[in-house]
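**Q** I need the structure of the sequence given here:
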Amino acid sequence: MKHVELYTDGACSGNPGPGGYGAILVYNGIERELSGYCAETTNNRMELTAVIAGLEALKEPCEVTLYTDSKYVADGLSKGWAKGWRAKGWKKSDGSPALNPELWAKLLELSEIHSVKTVWIKGHGGHPYNERCDRLATGEIAKE
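**A** Residues are numbered from 1 along each chain as shown. Down below sits the predicted model:
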């Protein structure tokens, strides 16, 4: 399997409000940038959407190292929270509804195609790809 690095970030002005996402795929020294906009969303939805967009852009199953500054995404995947919510009919351990179930469902589906290892990185900590993803995401909001 090919090994791909995926860097992602989501942004929202207002939370909820207008939002954007950025993703950068890196394979064999080649970079591909992705970004998008949503008129009414939340930061967490944009964080999830960035990962989904990156994984959907892959044309074959890959080993993916996902770098995200979102604890929501990182913990949801690496700690198995999202799989647990799905198994319980999109309910959290306290019985309350899990948020963003349609996005988590899509992300889990893609995670079963690809081998995804999640790495949490500190946001706005000077990581070049994270900073670029942030600029892509906030740039989408600024376009509107």
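**Q** could you pull out the helices for the chain?
**A** Along the chain, counting by DSSP state H, helices occupy 43-56, 71-78, 81-87, 101-113, 128-143.
**Q** can I get those in CSV with distance to Val26, mean neighbour count and mean pLDDT?
**A** (Each C-beta comes from the backbone N, C-alpha and C, glycine too.) What follows is the helices of the chain, written out as CSV (distance: least, CB to CB, whole Å; neighbours: other CB atoms under 10 Å; pLDDT from 0 to 100):
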stretch, distance to Val26, mean neighbour count, mean pLDDT
helix 43-56, 10, 24, 98
helix 71-78, 18, 18, 97
helix 81-87, 25, 17, 97
helix 101-113, 18, 16, 97
helix 128-143, 8, 18, 96
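**Q** OK, contacts around the most centrally placed residue in the chain?
**A** When CA atoms, centre = their mean is applied to the chain, the residue found nearest the centroid is Val51 (2.9 Å). For Val51, the contact set (CB atoms under 8 Å, 6 or more residues apart in numbering) comprises Leu6, Thr8, Ala23, Leu66, Thr68, Val73, Leu107.
**Q** ok, which of the helices of the chain comes nearest Ser35?
**A** Evaluated with CB to CB, the helices of the chain place helix 128-143 nearest to Ser35, the distance being 4.1 Å.
**Q** that closest one vs helix 43-56, what angle?
**A** 110 degrees (axes from the mean of the first three to the mean of the last three CA atoms, to 10 degrees).
**Q** which elements pack onto helix 128-143?
**A** strand 2-12, strand 17-27, strand 30-41, helix 43-56 (3 or more CB pairs under 8 Å, 6 or more residues apart in numbering; DSSP states H and E).
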